[in-house]
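Student: from the sequence below, what's the structure:
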Amino acid sequence: MKRKLVLQDGHVFEGEGFGSLDEKLAEIVFNTSMVGYQEILSDPSYCDQMIVMTYPLIGNYGLADEDYESKSIAMSGFIVGEYNDQPSNFRYTRTLAEVMEENHVVGLTGVDTREIVRIIRDYGSMKALVTDADTPIEECMAKLNAFEYAKDQVARVTSKKVWYSRTPNPQYTVVAVDCGCKLNIIRKLNHLGCNVVVVPYNTPKEQILKYKPNGLFISNGPGDPENVTPVINLIREMKGVLPILGICLGHQMIGLAYGAKTHKMKFGHRGGNHPVKNLSRDKIEITSQNHSFEINVDSLEGTGLKLTHINLIDGGCEGMEDVENKVIAVQYHPESAAGPEDSEYLFDKFVENMKNFGGAR
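Tutor: Sure, this is the predicted structure:
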């Protein structure tokens, strides 16, 4: 079915629809990963976003039951150069289009993704509409102009109740505050001997301490970190009480809790090949990233957080640490299932902090 993508600046791209044939309004961004579209589809951090994939062929290896990053799908759409609906992969159980249709995720294929990415790169991420090809352009622009970004994404993607991920012979218990947590983070903690208690984002300190945890994890998630005040306040209360690890949105909220500032980036970082320098090791790590907001480097002064990692492309803040209180925060994803593994040592460091802070159970 002929459909079209209409951007906030008036650009129109016509192609073939796949997945859901709903009409969708969302923020449009791009991702430079060459693999991992299933992990992207199921990452709650993409809530309310349409993703333009720079890699041209999408769908060719299908979806496998073991590879989802969450139990629900929160993203709005995929914009791809060429969609393949006949996967060649012995592990696949569903096609991408089947899962997208069931979860109301729109798709558009047969468009010039290179041109769309250049527009986003030059002018920034913006509002976008996917609709039927015959929808009048005046109607499309009216809808785009009236559309406002939501501020409740974390509340929508968080777990609605406490759940557990246990491991044989556990050494530690970690409470994970779920702001849109990727499942591979939980798997990494399990692999390192941690039972994980996953709690909703607005769980109070008193409830968390009832689980007698050795450490606290603040997860990734969607949206503006300044909107997630329950977690920012929780971090302030838990600083010095337990070792803390924060990833992506968790990293940003740790910064805000300490008094640093954040800002929205022009088009963000999304992909599996972002170079980051570890300042303490004097080494370069290739990282997987997905974020629209970042910490202002200049705002770290006087907060008690030390800059530990920087982005080699734009100099942005990629990591921070409070050594005294054993708080670690990184902007990128050290657990990425479909990306580089240069940064897995951060989980080891978190476990070491728990060992030195209060000992194993």
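
Student: V177 bridge partners, please.
Tutor: V199, I218 (DSSP bridges).

Student: distance check, it against L300.
Tutor: Using CB to CB, to the nearest Å, we find V177 at a distance of 22 Å from L300. For every residue, glycine as well, the C-beta is placed using N, CA and C.

Student: could you do P44 as well?
Tutor: As judged by CB to CB, P44 and L300 stand 27 Å apart.

Student: more neighbours, those two?
Tutor: Using other CB atoms under 10 Å as the criterion, P44 and L300 rank with P44 on top: 27 against 19.

Student: assign the residue nearest to the more buried one when sequence neighbours are not counted to helix, strand or coil.
Tutor: Using CB to CB, 6 or more residues apart in numbering and skipping the chain neighbours, the partner closest in space to P44 is G180 (3.3 Å). Judged by DSSP: H, G, I helix; E, B strand; the rest coil, the three-state class of G180 is coil.

Student: separation between the closest residue to Q171 other than its chain neighbours and Q331?
Tutor: Of all residues not flanking Q171 in the chain, G193 sits nearest, at 3.9 Å (CB to CB, 6+ apart). G193 sits 26 Å away from Q331, going by CB to CB.

Student: the two: which is more packed in?
Tutor: Neighbours per residue (other CB under 10 Å) separate G193 from Q331, with Q331 holding more: 31 against 16.

Student: the more buried one and G319 touch, don't they?
Tutor: Yes. Q331 lies in contact with G319 (CB atoms under 8 Å); the separation is 6.7 Å.

Student: residues that sit against both of the two, list them.
Tutor: Overlap of the contact sets of Q331 and G319 (by CB atoms under 8 Å, 6 or more residues apart in numbering) consists of H251, H309.

Student: which helices and strands does the one helix or strand K349 maps to pack with?
Tutor: In the assignment (DSSP states H and E), K349 maps to helix 345-357. Packed against helix 345-357 by the contact rule (3 or more CB pairs under 8 Å, 6 or more residues apart in numbering; DSSP states H and E) you find strand 172-178, strand 215-218, strand 244-247, strand 327-330.

Student: any idea of the mean pLDDT in it?
Tutor: Averaging pLDDT along helix 345-357 yields 95.

Student: tell me the SS of the spatially most central residue of the chain?
Tutor: With distances taken as CA atoms, centre = their mean, S45 lies nearest the centre of the chain, 3.5 Å away. Here S45 is recorded as helix under three-state DSSP.

Student: do the same with L5
Tutor: Secondary structure, three-state DSSP: L5 is strand.

Student: pLDDT at the nearest residue to it once chain neighbours are set aside, what is it?
Tutor: By the measure of CB to CB, 6+ apart, the closest residue to L5 outside its immediate chain neighbours is F13, 4.5 Å from it. Note on F13: pLDDT of 98.

Student: make sure F13 is actually in contact with G110.
Tutor: No. Contact criterion CB under 8 Å: F13 and G110 do not qualify, at 9.1 Å.

Student: looking at these two, which one has more neighbours?
Tutor: Neighbour tally, F13 and G110, criterion other CB under 10 Å: the higher count belongs to F13, 21 against 17.

Student: so after the helix or strand containing the more buried one, what's the next helix or strand?
Tutor: Using DSSP H and E, F13 maps to strand 12-19. Scanning forward in sequence from strand 12-19 by DSSP H and E, the next helix or strand is strand 24-31.

Student: this protein - how does it break down into domains?
Tutor: 2-149, 154-357 (automatic domain parsing).

Student: how about the helices in this structure?
Tutor: 37-41, 96-102, 113-123, 137-146, 153-157, 183-191, 205-209, 229-238, 249-258, 345-357 (DSSP state H).

Student: show the contacting residues for N233.
Tutor: A257.
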